[in-house]
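**Student:** Pasted the sequence and its predicted model underneath.
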Amino acid sequence: MYWLLAMILAPICTGLILYVFKLKHRIWLALTLQAMLMGWTLVQGIHFEPIQLSLSSVGIPYGMMLNMDRLAWLMLVLNNALFLLMTVFNRDKHYMDPLFIFLFLGLQGLINGIFLSYDLFNTYILIEVSTVAVSILIMYKRDSRSMYDGMIYLLVNMFAMVFFLMGIGYLYKYFGVLDIASLKSAIASVGDRQILYLPYAFLITGVSLKAAIMPLFSWLPKAHGTPSAPSIVSAVLSGIYVKTGVYLLIRIHEAFTPLAMNNVFIIMGIITAILGFTFAIAQKDIKLILAYHTISQVGLILIGISSTSATQQAGGLYHLFNHGIFKALLFLIAGLLIETYHTRNITQMHGLWQKSRFLTVILLIAVLSITGAPFFSGGYSKYYIAYGNSGIVMQLIMQLINLGTILSFVKFFKLMPAVKPIETTSADTAINASDSTHTRYASADASSETDAPLILSAGSKVALVTLAALAFISGIAGDIVMPWLTGYESHLNAFSQLQKLPNYLILVVMSFGAYRLGFHDSLFIKAFRAVDLGFNAIAATVVVYFMGMLSLLYLVV
Amino acid sequence: MQNFIAMTDNLITGENVSLALFFIGVYGIIARRNILKSIISLSIMQASIILFFLSIRHTDQMVPPIGIGLTGEVADPLPQALMITAIVIGVSVTALSLTMFTSLYHKYGSTNWKKVKQKRGDQ
């Protein structure tokens, strides 16, 4: 029972103790705690039953309660797994000082709290505090750019959360309750639907910005792709933190079922997915590609969870989990690549196979997962998001999203293969071409310092292998993992996934062809590269989104 | 004249004033390029929400929910408890934004969003 409280308080208190007393073996203590939390969460999954813990003597409409249902449990598994593996990965980095550990563990506890808390006001408080922690973490390396990125992130998120709080105020005005179950029954019995419009529009504006739905996405690449954030912070942000918005969206739509906004959000999911990968194709910065790609994948998750069919909803949730795993893996690899090549430009990275065969294999697994290859996790959940779409239009859209995803990851495929050594000048050296000491790599920037092989610490290897194994197992054994995580009985086993292979290969060939033809450098794509909204413009999009949502509710629904 | 006073009395309620303040804050955030003014606008919005929470479900005759043996209708204590938390959060967020603004100003030497963005792009 009190484990639920420990999920929130234990990381925060431990972080504080480690910060105040500056213990020598602090990383090991943090790891022990995280492993315990992870272990408890996994044990709950053996025979899952919902747990509720009342935090005050007063009953639920007025008191506070922690609630762990199936959805919250899934999010807890993802959150605690990611934070544990991130600490393992970064065990011996120099910036793991007491302050960083305090903020990092604190963020873990706060995110756990967002998933566990049962009323909207507590959620608001936890989101605000976690935003503060995140904004300090993303400027942790004090790079010159980071101040601007951190400032934009903090103010934009605060601005959106003020809308969220206003929505809570209206709900309290009309119904006098704030917990989700009471709200749900109160809203279901409401006579005049029009009073729901204003609180819904306020709430959904705040939540949509948190989930980076179009057009409220501009802050995300700045926060997730900023050079100053350590790669584990980017991994956590993209892996789990952006999902808090998606989680709240599910909760709010659960409460506001009479409004039936499903179709609106399916369309917005499609727009988000398509624009997200278009922006990703336009980028050359490795972290920005991944950050924009997160937006695209959020769109895909949104298509799944907004659907009315249980299959597609389960697919969306499973994709949420899988995306957390493989996106975290990709961000960790991106951090290693930036360290190895001393550049963030992906077109200047070549021949990873020669530097580290281990990392190449891991990267290949991650890229195959995210592009939706059969036998890998991304493909498995994408299949269920598209499941039962009878219309030809919807199927084409799903194929288009897959194609765009692969196209934006062609650059990742390209950096993997070993670069062919080319002869230096004359025919004389061509004879000695087999002598590797006389050859140089084809890449222009392959200077002597970048030729050094990549050396990984044991902790990093363990974390990378675990994440890659998770990405692979959730695909190949999806018919075991998916029912366990989402409670939905899926029947797509490894053999039937084989049928998806031709489709995937065709898409890969098509995207390599499009890449060859220079689609990623076309004027259309270049226009996207130039888009960089300032603070006032982002705030204006928030207000436009709010107004649009309100007029949509009054005029259309 | 009597009518006018009665009308304004009905119009100027805590709720309406808080909504007006809210959108003044929204205007400040969208239209002002000064970073300091953005932070101030955010504070105005937070203050408007505190006023909003305290004035919903409230009538003139209500007594504060403090002490024992209260007579008459008691004001709802929950929004007041919520708003104390919101004030704490608001203060800490404002303090953090101002701290960040100070170091941002030291780094870029400007209080203007547009100029700061240009300088960031140069590096």
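**Tutor:** Yes, it's here.
**Student:** Chain neighbours aside, what residue packs nearest to residue 72?
**Tutor:** Unless you meant another one, I'm taking chain A. residue A:115 (4.6 Å; C-beta to C-beta, 6 or more residues apart in numbering or on different chains). (Glycine included, C-beta is placed from N, CA and C.)
**Student:** Not quite, go with chain B.
**Tutor:** Spatially, and ignoring its direct neighbours in sequence, residue B:72 is nearest to residue B:63 (5.2 Å; C-beta to C-beta, 6+ apart).
**Student:** Would you report the backbone torsion angles of the one you found?
**Tutor:** Dihedral angles of residue B:63 (phi, psi; degrees, to the nearest 10) stand at phi -100, psi 150.
**Student:** pLDDT value on it, please?
**Tutor:** You'll see residue B:63 listed with a pLDDT of 82.
**Student:** which residues pair with it across the strands?
**Tutor:** For residue B:63, the beta-bridge partners under DSSP bridges are residue B:74.
**Student:** Tell me where the model's unsure across the stretch 251-400 of chain A.
**Tutor:** By pLDDT under 70, the low-scoring segments of the stretch 251-400 of chain A are A:389-390.
**Student:** For the residue nearest to residue B:72, which residues are in contact?
**Tutor:** B:70, B:71, B:72, B:73, B:74, B:75 (C-beta atoms under 8 Å, 6 or more residues apart in numbering or on different chains).
**Student:** what about it, distance to residue B:77?
**Tutor:** Distance from residue B:63 to residue B:77, counting by C-beta to C-beta, to the nearest Å: 11 Å.
**Student:** Does residue A:222 touch residue A:153 like I think?
**Tutor:** Yes: using C-beta atoms under 8 Å, residue A:222 is in contact with residue A:153, at 6.5 Å.
**Student:** Now a PyMOL select for only the buried ones of the contacts of residue B:63.
**Tutor:** Remark: buried members of these, expressed as a PyMOL selection using 16 or more other C-beta atoms under 10 Å in any protein chain shown:
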select buried, chain B and resi 75
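**Student:** Can you pull out the low-pLDDT segments for the stretch 1-150 of chain A?
**Tutor:** A:1, A:143-144.
**Student:** what does it put close to chain B?
**Tutor:** Contact residues (C-beta under 8 Å from any C-beta of the partner chain) of the stretch 1-150 of chain A with chain B: A:62, A:121, A:125, A:128-129, A:132, A:135-136, A:144-145, A:147-148, A:150.
**Student:** could you redo the last one with a cut-off of 6 Å?
**Tutor:** Within the stretch 1-150 of chain A, the residues that sit near chain B (C-beta under 6 Å from any C-beta of the partner chain) are A:121, A:125, A:128, A:132, A:144, A:145, A:147, A:148.
**Student:** and those as a markdown table, adding neighbour count and secondary structure?
**Tutor:** A markdown table is the format used below for these (neighbours: other C-beta atoms under 10 Å in any protein chain shown; DSSP: H, G, I helix; E, B strand; the rest coil):
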| residue | neighbour count | secondary structure |
| --- | --- | --- |
| A:121 | 23 | helix |
| A:125 | 21 | helix |
| A:128 | 22 | helix |
| A:132 | 23 | helix |
| A:144 | 14 | coil |
| A:145 | 17 | coil |
| A:147 | 23 | helix |
| A:148 | 25 | helix |
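**Student:** mind listing the strands for the stretch 1-150 of chain A?
**Tutor:** A:51-54, A:65-68 (DSSP state E, counting those that start in this stretch).
**Student:** out of these, which comes closest to residue A:522?
**Tutor:** Closest to residue A:522 of these is strand A:65-68 (C-beta to C-beta; 48.8 Å).
**Student:** How much space separates the residue nearest to residue B:72 from chain A?
**Tutor:** 19 Å (C-beta to the nearest C-beta, to the nearest Å).
**Student:** The longest helix seen in chain B: which residues count as buried?
**Tutor:** Longest helix in chain B by number of residues, with DSSP state H as the criterion: helix B:77-108. By neighbour count with 16+ other C-beta under 10 Å, helix B:77-108 contains the buried residues B:78-79, B:82-83, B:86, B:89-90, B:93-94, B:96-97, B:100-101, B:104, B:107-108.
**Student:** Please apply the same query to stretch A:460-479.
**Tutor:** By neighbour count on 16+ other C-beta under 10 Å, the buried set for stretch A:460-479 is A:460, A:463-464, A:466-468, A:470-472, A:474-479.
**Student:** contacting residues around stretch A:225-240?
**Tutor:** Stretch A:225-240 has contacts (C-beta atoms under 6 Å, 6 or more residues apart in numbering or on different chains) with A:78-79, A:82, A:86, A:90, A:137-139, A:141, A:143, A:146, A:149, A:224, A:287-288, A:291, A:294, A:324, A:327-328, A:331-332, A:335.
**Student:** Just give me the neighbour total for residue A:258.
**Tutor:** Residue A:258 is flanked by 11 other residues according to other C-beta atoms under 10 Å in any protein chain shown.
**Student:** brain fart, residue A:311
**Tutor:** Count around residue A:311 with other C-beta under 10 Å applied: 16.
**Student:** For chain A, what lies in contact range of chain B?
**Tutor:** Contact residues, chain A versus chain B (C-beta under 6 Å from any C-beta): A:121, A:125, A:128, A:132, A:144-145, A:147-148, A:151, A:155, A:158-159, A:162, A:165-166, A:169, A:173, A:534-536, A:539-540, A:543.
**Student:** other SSEs contacting the longest helix of chain B?
**Tutor:** Applying 3 or more C-beta pairs under 6 Å, 6 or more residues apart in numbering or on different chains; DSSP states H and E, one finds that helix B:77-108 contacts helix A:120-138, helix A:146-175, helix B:35-55.
**Student:** Quick one: mean pLDDT over the last one.
**Tutor:** Averaged across helix B:35-55, pLDDT comes to 92.
**Student:** Show residues contacting that helix.
**Tutor:** For helix B:35-55, contacts defined as C-beta under 6 Å, 6+ apart pick out A:155, A:158, A:162, A:165-166, A:169, B:14-15, B:18, B:21-22, B:25, B:28-29, B:79, B:83, B:90, B:94, B:97, B:101, B:111.
**Student:** Just the buried residues of the residues you listed.
**Tutor:** Buried among those by 16+ other C-beta under 10 Å: A:155, A:158, A:162, A:165-166, A:169, B:15, B:18, B:21-22, B:25, B:28-29, B:79, B:83, B:90, B:94, B:97, B:101, B:111.
**Student:** how about low-confidence regions in chain B?
**Tutor:** B:121-123.
**Student:** could you point out which element follows the longest helix of chain B?
**Tutor:** helix B:113-122 (DSSP states H and E).
**Student:** Need phi/psi at residue A:415.
**Tutor:** phi -80, psi -10.
**Student:** just how off-centre is the helix ranked longest in chain A within its chain?
**Tutor:** Longest helix in chain A, counting residues (DSSP H): helix A:310-341. From the chain centre to the centre of helix A:310-341 is a distance of 6 Å (C-alpha atoms, centre = their mean, to the nearest Å).
**Student:** How is residue A:226 assigned, secondary-structure-wise?
**Tutor:** Look at residue A:226: counting by DSSP: H, G, I helix; E, B strand; the rest coil, its state is coil.
**Student:** separation between it and residue A:95?
**Tutor:** Separation of residue A:226 from residue A:95 (C-beta to C-beta) stands at 15 Å.
**Student:** Which one's more surrounded, these two?
**Tutor:** Using other C-beta under 10 Å, the more surrounded residue of residue A:226 and residue A:95 is residue A:226, with 25 against 11.
**Student:** Tell me, how many residues neighbour the nearest residue to the more buried one once chain neighbours are set aside?
**Tutor:** Distances taken as C-beta to C-beta, 6+ apart put residue A:149 closest to residue A:226, at 4.2 Å, once the chain neighbours are dropped. For residue A:149, the neighbour count with other C-beta under 10 Å is 24.
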